[in-house]
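S.K.: prediction below, plus the sequence it came from.
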Amino acid sequence: MKIHGDLNSGNCLKVKWTCDHLALPYEWVDVDMAKGDTRTPAFLKLNPAGQVPVVVFDDGRALAQSNAIIRHLARGSALVPADPFHAAKMDEWLFWEQYSHEPYIGVCRFEMVYLGRSQGDLDPDRVKRGYAALALMEHQLQRTRFLTGEAFTLADVALLPYTRSAHEGGFHLDGYGSVRRWIGDAGRTLGL
């Protein structure tokens, strides 16, 4: 399979880290979002939404959206709980990550790192909601080692990239000891 992605994107890292953790063979096809690579006719044939990552399987079928990709790649592995309720709790975190975490923490990082904005230029509501996301994670991780319990799952893979780089978006993790511990545990689990 070929993974079309930008290594500066947390969404792309999720896919790479899932493949690496599961020892799935792939070819990485670098796509530079900053240079407009996602807007070329060839790329838009793979994903009309013009977003990375996109995985193209050996049979030619393409799949986009990072959490859909990692969910597909990890089926039947230990990254997806066998118990249906625990798998649903994992999915709950996957949906939450794209709706309540990445739009705040990931977007602030994008604005500071790629658009050159200062921390003071960030939307205060976006920053507030980013800290609310970190507070929810902190609350959960005070009770469990990983997001869905004691086992490492795709929920941890999905939330690690942008949480780990939150400081690049102006978020300070000083008051989030459980989140910082989890970043270390999850990173070690993935061999980072």
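M.R.: Done, it's in.

S.K.: show me where the chain has strands.
M.R.: All strands of the chain, identified by DSSP state E, fall at 2-5, 27-30, 54-56, 62-64.

S.K.: and those as JSON lines, adding mean pLDDT, distance to W96 and mean neighbour count?
M.R.: No exception for glycine: its C-beta is placed from N, CA and C like everyone else's. Formatted as JSON lines, the strands of the chain follow (pLDDT from 0 to 100; distance: least, C-beta to C-beta, whole Å; neighbours: other C-beta atoms under 10 Å):
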{"stretch": "strand 2-5", "mean pLDDT": "98", "distance to W96": "22", "mean neighbour count": "21"}
{"stretch": "strand 27-30", "mean pLDDT": "97", "distance to W96": "28", "mean neighbour count": "13"}
{"stretch": "strand 54-56", "mean pLDDT": "98", "distance to W96": "23", "mean neighbour count": "23"}
{"stretch": "strand 62-64", "mean pLDDT": "97", "distance to W96": "20", "mean neighbour count": "17"}
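
S.K.: could those go into CSV alongside distance to P103?
M.R.: Putting the strands of the chain into CSV (distance: least, C-beta to C-beta, whole Å) gives the following:
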stretch, distance to P103
strand 2-5, 19
strand 27-30, 25
strand 54-56, 20
strand 62-64, 18
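
S.K.: who wins for proximity to L44 among these?
M.R.: Closest approach to L44 among the strands of the chain (C-beta to C-beta): strand 54-56, 10.4 Å.

S.K.: which of the strands of the chain sits closest to V179?
M.R.: Among the strands of the chain, strand 2-5 sits nearest to V179 (C-beta to C-beta), with 25.3 Å.

S.K.: show me the helices in this protein, by range?
M.R.: 10-22, 41-46, 66-73, 84-96, 107-113, 124-143, 154-164, 177-189 (DSSP state H).

S.K.: ok, which of these comes nearest H4?
M.R.: helix 41-46 (6.4 Å).

S.K.: can you pull the contacts of L13?
M.R.: L13 makes contact with L7, P161, according to C-beta atoms under 8 Å, 6 or more residues apart in numbering.

S.K.: among the helices of the chain, which is the most enclosed?
M.R.: helix 154-164 (a mean of 26; mean count of other C-beta atoms under 10 Å).

S.K.: which secondary structure elements does that helix contact?
M.R.: helix 10-22, helix 66-73, helix 84-96, helix 124-143, helix 177-189 (3 or more C-beta pairs under 8 Å, 6 or more residues apart in numbering; DSSP states H and E).

S.K.: closest to V15 out of the strands of the chain?
M.R.: strand 2-5 (5.6 Å).

S.K.: if we ignore the residues flanking it in sequence, what's nearest T144?
M.R.: With C-beta to C-beta, 6 or more residues apart in numbering as the measure, E150 is the residue that lies nearest to T144, at 6.3 Å, once sequence neighbours are left out.

S.K.: and that neighbour, how close does it get to H139?
M.R.: According to C-beta to C-beta, to the nearest Å, E150 stands 17 Å off from H139.

S.K.: re earlier: can you say which of the helices of the chain is nearest to K2?
M.R.: That would be, of the helices of the chain and by C-beta to C-beta, helix 41-46, which comes in at 9.5 Å.
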